[in-house]
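**Student:** Here is my input; please provide its structure:
(one chain, ligands or ions: 1)
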Amino acid sequence: MITEIYLDANATSPILPAATAAAMAALQDCYGNPSSSHASGLRARALREGARACARRVLGAPSGRLMFNSGATEGIQTAVLSALCAVRERRARGEACGEGAANIVLVGATEHKAVSESLAHWNRLLGLGIELRVLPVDGDGRHRLDVLRALAPRLAFVCTMAANNETGVVSDLDGIAAVLSETGSPALWMVDCVQALGKLPLALGASRIDYAPFSGHKLHAPKGIGMLYVREGAPFTPLICGGGQEDSQRSGTENMAGIAALGAVLEALERGDTFLDAAAQQACRARLEQALRGAFPGIVFNAPLEHTLPTTLNFSVPGVASAELLDLFDAAGMRVSAGSACAASKGAPSY
Ligand code: PLP
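**Tutor:** Presented below is the predicted three-dimensional model:
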């Protein structure tokens, strides 16, 4: 008997059975340290490199850095540190100073807090005092490209997520790339791709994107494993130093069970035989939308569905507080959320 319908997969997702099996096999049979030169180590290394090669194919990233890490918060941290260190170096060389220089960091208004908080943290810690500005979104939750265009020549770093975790709104990445290139913007560009993996086509190597962080647990791999893509030639500063693992890009003995599980999810994506395609997902969502309209006649969908991930519905029921709705769904065995999981404990409305 099904007792729970879990619909909160933008917060975290149940683990794919093939991913659990791959993690168990790694724990039981492939326990060598991938840095060791004996056969057990070589087996672990082959497993890790197999997962990386698959990730490169799925992300369309044949070149550039692709490192495994603990998840998107770490990947975001590394990208922010790398970009801000590049600004500091430019300043030390006497560039990036004065009126009109590329001195502004622009962060999308709807970015995950991991982005805005990391920017504020590293800006403070590095003593840069760089100007952090918010790129507003329009009523549909999409970035204001006119504002981006006006600021583009003066941007050192811009952060615009691929798709929003609360509303599902898909960013116009092609439009953003066009503005950056038409204006000759010197900006480094981070795209938080956490909610895009498996849901939107990604061809990172063919794009202008400099940094793209991912988290395994948003797509049926365990928590605590993620990846960061860094475009070839983009500035890079390691966040964690030590034993030189991951080509000295991210030290610390690898989470091999996590890498194996993420590898299994990536293989499933590549084969195309496990997850529904976008059209089938849209059909499922249309059924859910109809059922919700039947249950709540006054329902308002907060983002145009043609601009949202087919896996996300964000709605309001006028006159009913989200806390009440959450209790109602929970009592019915349906797990949904009223904002990002990080904000849930604070109980404040979504920013
Ligand atoms: N970015 C987005 C869009 C997210 O949805 C999340 C997860 O909530 C994160 C970043 C942070 O991911 P993690 O908590 O796995 O590090």
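
**Student:** tell me which parts of this structure are close to the ligand?
**Tutor:** 71-73, 112, 114, 161, 165, 192, 194-195, 215, 217, 340 (Cβ under 6 Å from any ligand atom). All C-beta spots, glycine's among them, are computed from the backbone N, C-alpha and C.

**Student:** If we only consider the residues you listed, which is nearest to Pro17?
**Tutor:** For these, the minimum distance to Pro17 (Cβ to Cβ) is 15.4 Å, reached by His217.

**Student:** tell me the contacts of that closest one?
**Tutor:** Going by Cβ atoms under 8 Å, 6 or more residues apart in numbering, His217 touches 12-13, 71, 223-225.

**Student:** Would you mind giving the secondary structure of it?
**Tutor:** helix (DSSP: H, G, I helix; E, B strand; the rest coil).

**Student:** tell me the pLDDT at it?
**Tutor:** Model confidence at His217, given as pLDDT, is 98.

**Student:** possible to save the residues of the chain next to the ligand as JSON lines with secondary structure?
**Tutor:** Shown next, in JSON lines, are the residues of the chain next to the ligand (three-state DSSP):
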{"residue": "Gly71", "secondary structure": "coil"}
{"residue": "Ala72", "secondary structure": "helix"}
{"residue": "Thr73", "secondary structure": "helix"}
{"residue": "His112", "secondary structure": "coil"}
{"residue": "Ala114", "secondary structure": "helix"}
{"residue": "Met161", "secondary structure": "coil"}
{"residue": "Asn165", "secondary structure": "coil"}
{"residue": "Asp192", "secondary structure": "coil"}
{"residue": "Val194", "secondary structure": "coil"}
{"residue": "Gln195", "secondary structure": "coil"}
{"residue": "Ser215", "secondary structure": "strand"}
{"residue": "His217", "secondary structure": "helix"}
{"residue": "Ser340", "secondary structure": "coil"}
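
**Student:** Among the residues you listed, name the buried ones.
**Tutor:** For the residues of the chain next to the ligand, a burial check counting by 16 or more other Cβ atoms under 10 Å picks out 71-73, 112, 114, 161, 165, 192, 194-195, 215, 217, 340.

**Student:** Please report which of the contacts of His217 has the highest neighbour count.
**Tutor:** Scoring the contacts of His217 on neighbours with other Cβ atoms under 10 Å, the highest-scoring entry is Ile225 at 28 neighbours.

**Student:** Please give the element, helix or strand, for the nearest residue to that one once chain neighbours are set aside.
**Tutor:** Leaving aside its sequence neighbours, Ile225 sits nearest to Gly258 (Cβ to Cβ, 6 or more residues apart in numbering; 2.9 Å). Remark: Gly258 resides in helix 256-271, with elements defined by DSSP states H and E.
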